[in-house]
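Chemist: Predicted coordinates and the sequence they were generated for:
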Amino acid sequence: MTDRCPDVVILACDDERTAAIERLAQQVWAMGSKVLLLLPRCHEELFDTVAKVSTDGFLILDQLTTETLNDSLQKVCRGDVVIPPQIGGRLLAKARAGQVEPTPPLPDLTPRERQALQLLVGGLSNKQIATQLQISSHGAKRLVANVLAKLNCPNRTLAVAVALQYNLVKQCTEADH
C-alpha cells in the first residue's frame, strides 16, 4: 500500500453538510491535495456558504460534462482556480459592495508577498507567478500560501477580493497592459 495522496479530491457539498465539508477540505489541503467542491445546483445562498471553504475551485452538478470535468481537473493541477461565472460574479459583486471582509486588522505583507498578491489579482497560477518572480514553483506555492494565511483567506479567490476591497495592490488598467 502506498501513502501517496491524490492530486485532486472532489467533495460534494450541499446546505446541510457544509461544516463537515469545510473540515474535510482543510484535511485534504493539509495533505497537499487540491480540492474541488461539487455543488448540487446554481444557488446564490449556497455560494455564500461555500465561499469560506478551503478550495481550489467549484463545479456545478447540472453544468458538469466530461469535457468540463477534464478541463477543470487540468486547470486545478496547473495551479489555476476553477470558478463558474455565476460564482465569480457573485464574489466580485460582494467584494465591490464591501461584504467580503477578512479578520481585521490586515497584517503587513512583505514586498515579495505584495508582488505575489499583485500577480494573484492578475489571475496568474503558481507556475506563472514562479516564472514572473524568477523563483521555483515550490517557492511560489509557499509564497501564495503565506499570503493566504496572512490575509486569513481560505482560497485565492477570496484573497483577490480582499486585496481589491482594501486596495492592497495596484489595480491594473488597460494602459498597464
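Modeler: Yep, it's here.
Chemist: quick one, phi psi at residue 35?
Modeler: Backbone torsions for residue 35, taken as degrees, to the nearest 10, come to phi -130, psi 130.
Chemist: continuing past the helix or strand of the chain with the lowest mean pLDDT, what's the next helix or strand?
Modeler: For the chain, counting by mean pLDDT, DSSP states H and E, helix 44-50 ranks last in confidence among helices and strands (a mean of 69). Sequence-wise, the next helix or strand downstream of helix 44-50 (DSSP states H and E) is strand 57-60.
Chemist: name the helices or strands packed onto whichever helix or strand comes after that following strand?
Modeler: On the C-terminal side of strand 57-60, the nearest following helix or strand under DSSP H and E is helix 66-78. Helices and strands touching helix 66-78, by 3 or more C-beta pairs under 8 Å, 6 or more residues apart in numbering; DSSP states H and E, are strand 8-12, strand 34-39, strand 57-60. Placement of C-beta: from N, CA and C, glycine included.
Chemist: give me every residue that touches residue 57.
Modeler: Shown in contact with residue 57 (C-beta atoms under 8 Å, 6 or more residues apart in numbering): 36, 37, 72, 75, 76, 80, 81, 82, 83.
Chemist: Produce a PyMOL select command limited to the buried residues of these.
Modeler: In PyMOL, a selection of the buried entries from the contacts of residue 57 looks like this (16 or more other C-beta atoms under 10 Å):
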select buried, resi 36+37+72+75+76+80+81+82+83
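Chemist: Output the contacts of residue 57 in JSON lines, with pLDDT and distance to residue 10 appended to each entry.
Modeler: Converted to JSON lines, the contacts of residue 57 look like this (pLDDT from 0 to 100; distance: C-beta to C-beta, whole Å):
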{"residue": "36", "pLDDT": "88", "distance to residue 10": "5"}
{"residue": "37", "pLDDT": "86", "distance to residue 10": "8"}
{"residue": "72", "pLDDT": "90", "distance to residue 10": "9"}
{"residue": "75", "pLDDT": "88", "distance to residue 10": "13"}
{"residue": "76", "pLDDT": "87", "distance to residue 10": "10"}
{"residue": "80", "pLDDT": "83", "distance to residue 10": "16"}
{"residue": "81", "pLDDT": "83", "distance to residue 10": "15"}
{"residue": "82", "pLDDT": "85", "distance to residue 10": "11"}
{"residue": "83", "pLDDT": "83", "distance to residue 10": "15"}
